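Colleague: I need the structure of the sequence given here:
(one chain, ligands or ions: 2)
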Amino acid sequence: TSLRSIVQNMPKAELHIHIEGSLEPELIFALAERNGVSLPYASVEALRAAYAFKDLQSFLDIYYAGASVLLQEQDFYDMTAAYLRRAEADHVRHTEIFFDPQTHTARGVPMATVINGIHRACQDSPVSATLILCFLRHLSEDDAIATLEAALPYRDKFIGVGLDSSEVGNPPEKFARVFSRCKDLGLRLVAHAGEEGPPAYIYAALDVLHVERIDHGVRCLEDHALTRRLAEEGMPLTVCPLSNIKLCVFRDMKQHNLLQLLDAGLVATVNSDDPAYFGGYLNENLLAAFDSLPLGLQHAYQLARNSFVASFLSEADKQKHL
Ligand code: ES4
Ligand code: ZN
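Modeller: Ligands and ions are numbered 1, 2, ... in the order given. So this is what the prediction gives:
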């Protein structure tokens, strides 16, 4: 059996997937039609042609436009169900799904519509799926606090909170109070850091927000003390190879630092981030990395293992997968 087929078929967890980033152009157009929303693109092909990004912000502008077609609970259900079917095909056994409520509540969509639609699709899937509510870091901390309050009636439907959107200029410190509140509520904590931002943002995510995983974190290798610390603490990084290439964090996949991260002893995992926008779901991310980097069977095994170790499954549930 080839390494590629082992990588594809091995049971795995996904820990960094924005559900709004799984909206395929075909579903965007179908939902636009269903909801009478007009799009600034003439066709599926025209929309897909706009997926040429130079950095994170140029992607986010199109990602928020795509999400504007989501209005009814069934829309959120259909989007999530479609992702979970793709995850199942990639042998994903467990997934921790990010969602961005502010992208929808700002358009007048009720919090209940967002959470109930996504959550019901998770319950109907054979894949184990939990939810992580992300705060948009380009908005204020007061907006994040209001969002948390609005979500608390549905506290049983999400396990944690994260921090996403435009990183540079919006450091973790900006969200110290809301993360402290979330920690007191028993929510699990993660944050995007060190994707486009410097190592200082990773330190702040750890020391100010007290996160339990770093999303991306690939710029940690610029700071040797930080790299050593992440390794010693077993602090996981949720790395997204195709995302990093599409957003020009690395010039091409041969330049990606995934192997250096693993060689440094970090609990690195591979994830799809925004699969509809970046050219592939989880197995396509793994295969792209394995095709371009000198990764072998041991690395495949390590990445599958890391995905469960880094998850928020109970220790008993992790054991079943290790
Ligand atoms: C995101 Cl790749 C990435 N980075 C930051 N925020 C995001 N939201 C959706 N995808
Ligand atoms: Zn992300």
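
Colleague: Give the burial count for the closest residue to ligand 1 within the chain, as a bare number.
Modeller: Residue nearest to ligand 1 within the chain: residue 164 (3.5 Å; C-beta to the nearest ligand atom). Where you see a C-beta, it was placed from the backbone N, CA and C, and this is true even at glycine. Using other C-beta atoms under 10 Å, residue 164 is surrounded by 25 other residues.

Colleague: Renumber starting at 848 from here on
Modeller: New numbering, starting at 848: the last item is residue 1011.

Colleague: Check what pLDDT it gets.
Modeller: Looking at residue 1011, its pLDDT reads 98.

Colleague: ok, it touching residue 979?
Modeller: No. If you go by C-beta atoms under 8 Å, residue 1011 and residue 979 don't touch, sitting 9.8 Å apart.

Colleague: quick one, what contacts the closest residue to residue 1152 other than its chain neighbours?
Modeller: In this structure, residue 1152 finds its nearest non-sequential neighbour in residue 1169, 6.3 Å apart by C-beta to C-beta, 6 or more residues apart in numbering. The neighbours of residue 1169, taking C-beta atoms under 8 Å, 6 or more residues apart in numbering as the test, are 1152, 1155-1156.

Colleague: Residue 979 should be in a strand, yeah?
Modeller: Yes. Residue 979 sits within a strand when classified using DSSP: H, G, I helix; E, B strand; the rest coil.

Colleague: For it, grab the count of nearby residues.
Modeller: Neighbours around residue 979, by other C-beta under 10 Å: 26.

Colleague: Report the separation between the closest residue to it other than its chain neighbours and residue 860.
Modeller: Spatial nearest neighbour of residue 979, chain neighbours left out: residue 1007 (4.6 Å); criterion: C-beta to C-beta, 6+ apart. Computed as C-beta to C-beta, to the nearest Å, the residue 1007 to residue 860 distance reads 15 Å.

Colleague: For the chain, which residues score under the pLDDT cut-off?
Modeller: Counting by pLDDT under 70, the chain contains no low-confidence segment.

Colleague: residues from it in reach of ligand 1?
Modeller: Contact residues, the chain versus ligand 1 (C-beta under 6 Å from any ligand atom): 865, 868, 903, 910, 1011-1012, 1039, 1042, 1090, 1120-1121.

Colleague: repeat that with 8 Å
Modeller: 865, 867-868, 903, 906-907, 910, 945, 947, 981, 1011-1014, 1039, 1042, 1062-1063, 1087, 1090, 1094, 1120-1121, 1125 (C-beta under 8 Å from any ligand atom).

Colleague: Tell me the helix or strand right after the helix or strand containing residue 982.
Modeller: In this structure, residue 982 sits in strand 975-983 according to DSSP states H and E. Following strand 975-983 in sequence order, the next helix or strand is helix 988-998 (DSSP H and E).

Colleague: and residue 935, how many neighbours does it have?
Modeller: Neighbours of residue 935 (other C-beta under 10 Å): 14.

Colleague: same question, residue 878
Modeller: So residue 878, with other C-beta under 10 Å, has 23 neighbours.

Colleague: Any idea how many residues pack against the residue nearest to it when sequence neighbours are not counted?
Modeller: Sequence neighbours aside, residue 916 is the residue nearest to residue 878 in space, at 4.0 Å (criterion: C-beta to C-beta, 6+ apart). By the criterion of other C-beta under 10 Å, residue 916 has 22 neighbours.

Colleague: quick one, what contacts residue 916?
Modeller: 870, 875, 878-879, 882, 884, 886, 922.

Colleague: next one: residue 1038
Modeller: With C-beta under 8 Å, 6+ apart, residue 1038 has these contacts: 1009-1010, 1019, 1022, 1026, 1052, 1056, 1058, 1061-1062.

Colleague: Quick one: buried ones out of those?
Modeller: 1009-1010, 1019, 1022, 1026, 1052, 1056, 1058, 1061-1062 (16 or more other C-beta atoms under 10 Å).

Colleague: The stretch 948-1097 of the chain: helices as residue ranges?
Modeller: With helices called from DSSP state H, counting those that start in this stretch, the stretch 948-1097 of the chain shows them at 948-952, 958-970, 988-998, 1023-1031, 1046-1054, 1071-1079, 1088-1093.
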